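Engineer: okay, sequence plus prediction incoming.
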Amino acid sequence: MTSVSHNQPAIIRTERGLTISGTRITLYDVMDYVTAQYPPKFIRALFDLTEEQIKAALSYIEANRSEVEEEYQLVLKQSEENRQYWEERNREHVARLGATQPRPGRDALWEKLRAQKAKHELEA
């Protein structure tokens, strides 16, 4: 692993994967921007990293490109599976909510909400 001063590793493995030491930022977070070809200065500012931290992260990625890329692809796959799961779960939940009738005595509130929604749709 890349080292920083005080003999502490700059990149550590946590339950979240390869992580920049002293942060909750994973190398996979950084890889999103590296693969999109954002400049290091932008990535550093985006994650509020020190110059030493961004250099350590980029150096580690470069020195271990195949390992990091392989893990990154697994993270992307898992992220997509999670997104699909929650999208489907929320779709079912919203459908159930839409099918329920308002509680008695709330008709005026629902009518006001419908009017506000219609107004916003016209403005958009």
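Structural biologist: Looks like it came in fine. Numbers count the residues shown, from 1 in each chain.

Engineer: how about the helices in this protein?
Structural biologist: 27-35, 40-46, 51-63, 65-99, 107-123 (DSSP state H).

Engineer: low pLDDT regions in the chain?
Structural biologist: 1-7 (pLDDT under 70).

Engineer: report back the residue of it that's furthest from centre.
Structural biologist: Distance from the centre of the chain peaks at residue 105, with 41.2 Å (Cα atoms, centre = their mean).

Engineer: that older thread, closest one to residue 21 among the helices of the chain?
Structural biologist: For those, the distance to residue 21 is smallest for helix 51-63, at 7.9 Å, taking Cβ to Cβ. Using the backbone N, CA and C atoms, a C-beta is placed for each residue, glycine as well.

Engineer: which parts of the closest one are buried?
Structural biologist: Buried residues in helix 51-63, defined by neighbour count with 16 or more other Cβ atoms under 10 Å: 53-58, 60-61.

Engineer: stretch 29-43 now?
Structural biologist: Applying 16+ other Cβ under 10 Å to stretch 29-43 flags 29-31, 34, 40, 43 as buried.

Engineer: between the two ends of that stretch, how far is it?
Structural biologist: From its first residue to its last, stretch 29-43 covers 10 Å (Cα to Cα, to the nearest Å).

Engineer: now do it: distance to the chain's middle.
Structural biologist: Put simply, stretch 29-43 sits 14 Å off its chain's centre (Cα atoms, centre = their mean, to the nearest Å).
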